[in-house]
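[1] Based on what follows, work out the 3D shape:
(chains A, B and C)
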Amino acid sequence: MFFEWLHPVLIATALALAVIGAVRRANLWRAGQPDQVNLIAGLKAMPKRYLHDLHDVVERDKYMSKTHAATGGGFVLSALLIILVHMLDIDSKILAWALLASSALMFVGAIFVFKRRLNPPSRISKGPWMRLPKSLLAFAGSFFILTLPAAGVLPEGFLLQAGNVLLTVVLTALIIWGMGEMFFGMSWGGPMKHAFAGALHLAFHRRQERFGGGRSTGLKPVDLSVVQEFNPGTSEQQVLGVSKPKDFKWNQLLGFDACVQCGRCEAMCPAFAAGQPLNPKKLIQDMVIGLAGGDDSKYAGSPYPGKEVGNAKGGPEQVITEGLVSAETLWSCTTCRACVEECPMMIEHVDAIVDMRRFLTMEKGDTPNKGAEILDNIIATDNPNGYSPASRTNWAADQNLPLMRDVQQAEVLFWVSDGAFDMRSQRILRSFVKLLKAANVDFAVLGDEELDSGDVARRLGDDAAFQNLAKRNLETLSKYKFSKIVTTDPHAYHCLRNEYQDLGSDALNGVDVLHHTTYLNELVKQGKLKLDSFNGGTVTYHDPCYLGRYNGEYEAPRELLRSLGIQVAEMERSGFRSRCCGGGGGAPITDIPGERRIADMRMEDVNSTGAELVAVGCQQCTAMLEGVVEPRPEVKDIAEILAGQLIEEVH
Amino acid sequence: MSGETNSYEIVRRDPRAEWIARNRLHPLHGTISVGEEAEVRGPSGLIRKNPHKVGFIGPNGIKRIDRLKGNAAAAATGRRSGGAAQEVQLPLHKVENPDFSIFVVPDMVGGRLTSQDKDILGQAHKLARSDDGESAVQGVVVAVVFGELKDDSLDTAGVDRLIHLDGEEYQGYCPEQQLTALVHLDATYNPQNWLFPDSVHGGTDLGSRLAARLGERPAVQAWQVDKKTTVCRGASGSTDISRPTPRILLLAEECADPIDETRHEVQPIELGSVPRVISRMQDMGQVSVDPNAIPLAEAEFILSAGNGIHNWDQFHEAAEALGATEGASRVAVDDGFMPRFRQVGATGTWVTARVYIAVGISGAIQHMQGIGQCDKVIAINTDAGCDMVKRAALSAIGDSEEILAELLKLAREHKAGQSEGGDQNAA
Amino acid sequence: MPLNIVSLVSVGRHPQSGRERRAEQDGRAVELGMNLEASQSASMTVLHAGRSVEPVLRNYAGMGLPSLEVLELSEQDDAVPSLAQYLKASDADIVLTGVRAESGESSGMVPYLLAEELGWPLVPRIADIVSINNGVAEILLALPRGQRRSLSVPLPFVASVDNAAPAPRQSAYGPGMRASIDASQVTAVTDSAREQWQEAPAKPRPKRLKVVKAKTAADRFKAATAKPQGKAGKVMKNESAQEQAQEIFNLLLEEKVIK
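    Next comes the predicted model:
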């Protein structure tokens, strides 16, 4: 009879189409550059990463986490059982009952998805995504009914009875719809693409270390030798950074495809909130347009603030900044990683942005506003503001600091960073030195031998300048013996700890790189610092992005404050959800206009706690927050607060 | 010295104390004040005057009594300035038969000697002086002035001879004609040295032109010159080059002390005809530049706005009326009232204005760094305790809007008065 | 016939670090040339007299130059004869240079000597070339304090570019490294006069003190002991806004910023 073979054929067709689509999609990704990934190990680790890392992020929204577990789990199970029961026609009551259960589970989940979509928050994309809950219901519902006879609930052949033809036709239509969305749509670019690409993205992630809490950088040193290899005779020109979508690594392209357009990144992005023309979700969707070709007319989420949707066009072979994404968008990012931290699909927005910035800076020479000047200064004077390199230690003229050049070795190397040139930051440095001296730490500084860490140069896309600085710094470091590097600058901290290791030097092997709050916390725990309790009113703590999200240090600064008897009045956005001060990634240098300033918004967060003092662990944050017009709470680095409470022993 | 006077005590002189009292440079002079001792309450309770202790010994050893009780400063300066009006005649430096000549081509900005011009005239006299002692050769300092000459202090600045070229061919911008004249002079008088100010006002240009034409290698940015050797700055001011003194010198500011103790003849030298050239560069006149088009770093007069400004239209009006270039603090820029390139400070533009008016700017450290080179700072602010007021030469504490309104009125009155005056002059 | 522009570049020196860099004014000369190249469909050559291995040349090339010409000379050589020879042989219409080099003698004589040698007019300290019509260029000269003078000059000419000219565009690493540097051997003339000079790091110049020439001891005494004037500025707190404004206005008149 007609119906007997109809459904198995339909399922087989859908699956076949899905496989064809998958191959086509994979070919789009393979247009990207090669990247070293262990495919087998990745695939093996994938389920654990899904259940552990991904679900940790999804779990932040309990409603969605349960919904997704039911819908997703139900679907995966149903799909397997459908193949067994309906396509291969294995006659087993148990399997049929299992399929009934799984499709019922999926159906219930889909109802919750449906409810969520009734009045969705603005961050969520609409368009095809609004159809998804209905498709889910159609898929789960139709297969539930289709399975009833097999499970013996309805008599065998029930659907074939003459009177039920209409039912059967409707059912078949629903099955086609459901499978179209779930199987065909998965690999041909529908909303379900996220499941397919997402799973592979977990397996072949560019920054494998991040699973299991590893700290790393996705910014690998640019191979500068490509410029020499250029042969004007051939049309194939190697560029520095990412100019066209195909210049991304293939697994980055795969990552873009994993986006579910949930808009959590958008909700967290400080630049988006400030009305600057950046929306991480739209950016990733534009990257998807770039890798697949087309335009953004079907995009149904929030736009880049101040820019209309519908004008972006791109393709794998087209320069991204010529029509797909405007340069302004790329320069609005503060590299705070709030989007990365929040993304349930583990997409790396920031690395992609910096990759594209590299092209703008190193190939186009188009770093906006003060960018060019700052980069010139970094190259010519090893510090961003063009101060004389010989004046780097002027701040410590009265401090009598031991120089590495003189002592050759010390327990702790104090990495001073460019705060040495800034009068405000010098107060932090002096406080920290006071604490080190009080704790009788055997420390030394590099003095004028120290150079800028290269953080700003790298975030502004000038990896040539970064590599130059890093290599020279490493060379200096390799001359001396020390077991720890401690710095008050989280940006330098991140560079030293995570980025210098790619440059092939063993100067930092076996060296602990620590942020000053971590180190001070150790000293306090060891009882080496005698501190008075603090009674200066309510205190809140602002997590610097490069300390918190980049390096996972949330606890040490809080413990330090507790050791002074301070009950930290936490801001709503703190810890891994801390809002950026606006000072990272060269954002104050590129200075893309928005409607508000990020620092002002952060100060509002502070004000809402009623705090009279914001404790900070970063000189850049200090500068940004102090830039907010008074009256506002006082801003102090933790080292300053500690130094103020230090009980100095009288000798 | 004990404050009490005991009537039974024998009065003894203390020569050391008297010496200290006379010597106002003595470190203890302040502790021994004779004047205050002049009135003492006697043992009977009556005030007694000690006429010996009134007054002080003046610098010439004569006793002086200050009846103005220390308020003499103002009066004294008044008297002194009155005295200055009599003007001491400085000795006239005459050169009768010079053995050689030093030619100086001052900038004469606005027809007046600049301070650099005066330094260079001083330098010229150092070269003209016969200080080696062995021979009695004496040089004469000749100034070559193009165009208008308004300065009447050429004599005290050290001009022995004056060549004044102010034909119509020297009006406006005419370096080619000036060069021709200088070459003519060189051939006629064969001066021992040509001295030019190394300045943006034209001295560098003319000096370089002459050097190129005569095939001489000039010393530029010269700052230590004697008859034999010259030290000049090289490599954008980072090295000192010592070399034999060349014929043509482009001298840096403050290369020598200006003349101040002699008067000079300013004897005009009449020239025969100077050849004229057809200038290839055609001067189309100075372009009137909108103060706001002047780059902030170069502007001479800046009106800068900060957080304290509420009426922005008025601020722009005031800047226009005063002819000032607009500046802004970081906050004003961040809030979007002013464009980013107007930001003054360490993170914006470092300015060099002679006069800087800060309206409603309390003075963050970065801002103060940026105006470090400004000469006169005027603060308008509501907070008398802010850093800007501490830095300012003149501060007005009050509502900026009111003060700006008054300034605006004054500026307009001034302009109206000026154009009236101009009309009268024209009539 | 398309316009031919030659921009001369030299090795700059960073004022703070003393490190070699793209010279400020030479960079502006290249920028001006590139702008003319775009607006006048001119062709531009960037020329350096010196060592072709100089890394700084890459900084100029990074502005987007496909190639640079180098007249191979050593540090002791005089650049002017080789440059003059090159320019005579070329059909340049405009030669752009900086006002003064940032390294070496910094005499600023190169444009003057070249103009003299070529017999062309020299335009000093230009801020911009506004237009070129029928072989006559309209040029803006930079005067002190942001003022400008307009000038019309027939081609060909030599011009030195002032700091008031548009700032040079950013130098990008990639194009800079890719540009070809075409060195040509020239007969070098050693700058023999300079060999006898002594060069030393600049000594700080003493600031001129206010020397008081007093005739009497009392005056000298006063000068030596007088308190430094004008430490604290005048603060007007209780005056009316009108009085305050008048005082400010008087100061502006006194300082001659209001004409």
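[2] Longest helix in the chain, please.
    The chain I'm using is chain A. In chain A, taking DSSP state H as the definition, the longest helix is helix A:2-30.
[3] wrong chain, I was asking about chain C
    Criterion DSSP H: the longest helix present in chain C is helix C:24-39.
[4] distance between it and the chain's centre?
    13 Å (Cα atoms, centre = their mean, to the nearest Å).
[5] So that helix, near chain B or not?
    No - using Cβ under 8 Å from any Cβ of the partner chain, helix C:24-39 stays clear of chain B, coming no nearer than 9.4 Å. No exception for glycine: its C-beta is placed from N, CA and C like everyone else's.
[6] what's the model's confidence in that helix, averaged?
    Mean per-residue pLDDT for helix C:24-39: 92.
[7] Likewise for stretch B:94-111?
    Across stretch B:94-111, the per-residue pLDDT values average to 86.
[8] Any buried residues in that stretch, and which?
    B:95, B:98, B:101, B:102, B:103, B:104, B:105, B:106, B:107, B:108, B:109 (16 or more other Cβ atoms under 10 Å in any protein chain shown).
[9] just stretch C:174-186 next, same as before
    Within stretch C:174-186, the residues that count as buried by 16+ other Cβ under 10 Å are C:174, C:175, C:176, C:177, C:178, C:179, C:181, C:186.
[10] Let me know whether that stretch sits next to chain A.
    Yes - residues of stretch C:174-186 contacting chain A under Cβ under 8 Å from any Cβ: C:174, C:175, C:177, C:178.
[11] Contact partners for the residue of the stretch 51-200 of chain C found nearest chain A?
    Closest contact between the stretch 51-200 of chain C and chain A, by Cβ to the nearest Cβ, is at residue C:172 (3.2 Å). Neighbour list for residue C:172: A:361, A:362, A:363, A:364, A:365, A:366, C:62, C:63, C:64 [criterion: Cβ atoms under 8 Å, 6 or more residues apart in numbering or on different chains].
[12] Quick check, central residue of the chain?
    Picking chain A for this. residue A:340 (1.8 Å; Cα atoms, centre = their mean).
[13] that's the other chain; I wanted chain C
    residue C:99 (3.5 Å).
[14] Next, the residue nearest to that one when sequence neighbours are not counted: phi, psi?
    Among residues not flanking residue C:99 along the chain, residue C:160 sits closest, at 4.6 Å (Cβ to Cβ, 6 or more residues apart in numbering or on different chains). The phi and psi torsions at residue C:160 (degrees, to the nearest 10) take the values phi -100, psi 140.
[15] Please report how far residue C:160 lies from residue C:123.
    Applying Cβ to Cβ, to the nearest Å, the value for residue C:160 to residue C:123 is 7 Å.
[16] do residue A:626 as well
    Distance, residue A:626 to residue C:123, using Cβ to Cβ: 48 Å.
[17] Counting neighbours, go ahead and name the busier of the two.
    Taking neighbours as other Cβ atoms under 10 Å in any protein chain shown, residue A:626 and residue C:123 compare with residue C:123 leading, 25 against 19.
[18] That one should be in a helix, yeah?
    No - with DSSP: H, G, I helix; E, B strand; the rest coil as the criterion, residue C:123 is strand rather than part of a helix.
[19] mind checking how far residue C:63 is from chain B?
    21 Å (Cβ to the nearest Cβ, to the nearest Å).
[20] One more: residue C:20?
    Residue C:20 sits 11 Å away from chain B, going by Cβ to the nearest Cβ.
[21] Next, the contact list for that residue, please.
    So residue C:20 contacts C:11, C:12, C:13, C:14, C:54, C:55, C:56, C:103 (Cβ under 8 Å, 6+ apart).
[22] per-residue pLDDT, whichever residue of the stretch 1-150 of chain B sits closest to chain A?
    Residue nearest to chain A within the stretch 1-150 of chain B (Cβ to the nearest Cβ): residue B:116, separated by 27.9 Å. At residue B:116, the model reports a pLDDT of 90.
[23] tell me the SS of it?
    What three-state DSSP gives for residue B:116 is helix.
[24] count of neighbours near it?
    Neighbours of residue B:116 under the rule other Cβ under 10 Å: 22.
[25] So what pairs up with the closest residue in space to it that isn't next to it in sequence in the strands?
    Excluding the flanking residues, the one nearest residue B:116 by Cβ to Cβ, 6+ apart is residue B:197, at 4.5 Å. Legend: beta-bridge partners of residue B:197 under DSSP bridges are residue B:251.
[26] Verify the stated contact: residue B:197 with residue B:220.
    No - counting by Cβ atoms under 8 Å, residue B:197 sits too far from residue B:220 to count as a contact (11.1 Å).
[27] and for those two, which residues touch both?
    Common neighbours of residue B:197 and residue B:220 (Cβ under 8 Å, 6+ apart) are B:204, B:250.
[28] and these two? which has more neighbours close in?
    residue B:197 (32 against 26).
[29] returning to that earlier point: my guess is the residue nearest to the centre of chain A meets residue A:352, correct?
    No - between residue A:340 and residue A:352 there is no contact under Cβ under 8 Å: 10.1 Å.
[30] got a list of what the residue in the stretch 1-150 of chain A positioned nearest to chain B touches?
    Closest contact between the stretch 1-150 of chain A and chain B, by Cβ to the nearest Cβ, is at residue A:122 (25.0 Å). Counting by Cβ under 8 Å, 6+ apart, residue A:122 touches A:263, A:302.
[31] Can you tell me the SS state at residue B:194?
    Using three-state DSSP, the secondary structure recorded for residue B:194 is strand.
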